[in-house]
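Asks: can you look at this prediction? I've put the sequence above it.
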Amino acid sequence: QVQLVESGGGPVQPGGSLTLSCSATGNIFRIAAMGWYRQGPGKERELVARIQSGGYTVGTTDYADSVKGRFTISRDYAKNTVYLQMNSLKPEDTDVYYCHGYIRSTTSSWDDYWGQGTQVTVSS
């Protein structure tokens, strides 16, 4: 089984910083992409940032317009871990953040995997 384990959420004041981490564990054959999504009450889950891992797109990143210039996604390929450095946080960044991976396990084909979610609360 493949699992995504997140850490790093919590409360922070406006203008502050947080770093989220997510490690993929289990019987992983290959990871095509990892990223972060967020979802608030009554809202759709939305992409925050993702980083590609395969072929010619390795290292390619995508960001939501609302976080460009403030958030940075990075990946430790040896550890199958993705990080989200969040700077200049705003109250509207308050949400549950979910790690996502598009992963092929050793026992099945490509599939989407999700972490359990970590709460980020930006408030004074």
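Replies: It's in.

Asks: nearest residue to residue 23 other than its sequence neighbours?
Replies: Using C-beta to C-beta, 6 or more residues apart in numbering and skipping residues adjacent in sequence, the residue nearest residue 23 is residue 81, 4.5 Å away. Every residue, glycine included, has its C-beta placed from N, CA and C.

Asks: quick check: that neighbour touching residue 19?
Replies: No. Contact criterion C-beta atoms under 8 Å: residue 81 and residue 19 do not qualify, at 11.5 Å.

Asks: need the pLDDT of the residue nearest to residue 23.
Replies: What the model reports for residue 81 is a pLDDT of 96.

Asks: next up, the contacts around it.
Replies: 21, 22, 23, 24, 75 (C-beta atoms under 8 Å, 6 or more residues apart in numbering).

Asks: most neighbours among those, which one?
Replies: Highest neighbour count within the contacts of residue 81, by other C-beta atoms under 10 Å: residue 22, with 25 neighbours.

Asks: element containing that residue?
Replies: strand 18-26 (DSSP states H and E).

Asks: tell me the pLDDT at the residue nearest to the spatial centre of the chain?
Replies: Using C-alpha atoms, centre = their mean, the residue of the chain that lies closest to the mean C-alpha position is residue 36, 2.5 Å off. Turning to residue 36, the model gives it a pLDDT of 98.

Asks: isn't it up against residue 73?
Replies: Yes. Residue 36 lies in contact with residue 73 (C-beta under 8 Å); the separation is 6.9 Å.

Asks: find residues that contact each of the two.
Replies: When contacts are counted by C-beta under 8 Å, 6+ apart, the set common to residue 36 and residue 73 consists of 49, 50, 82, 84.

Asks: narrow these to those in strands?
Replies: If you go by DSSP state E, these have 49, 50, 82, 84 in strands.
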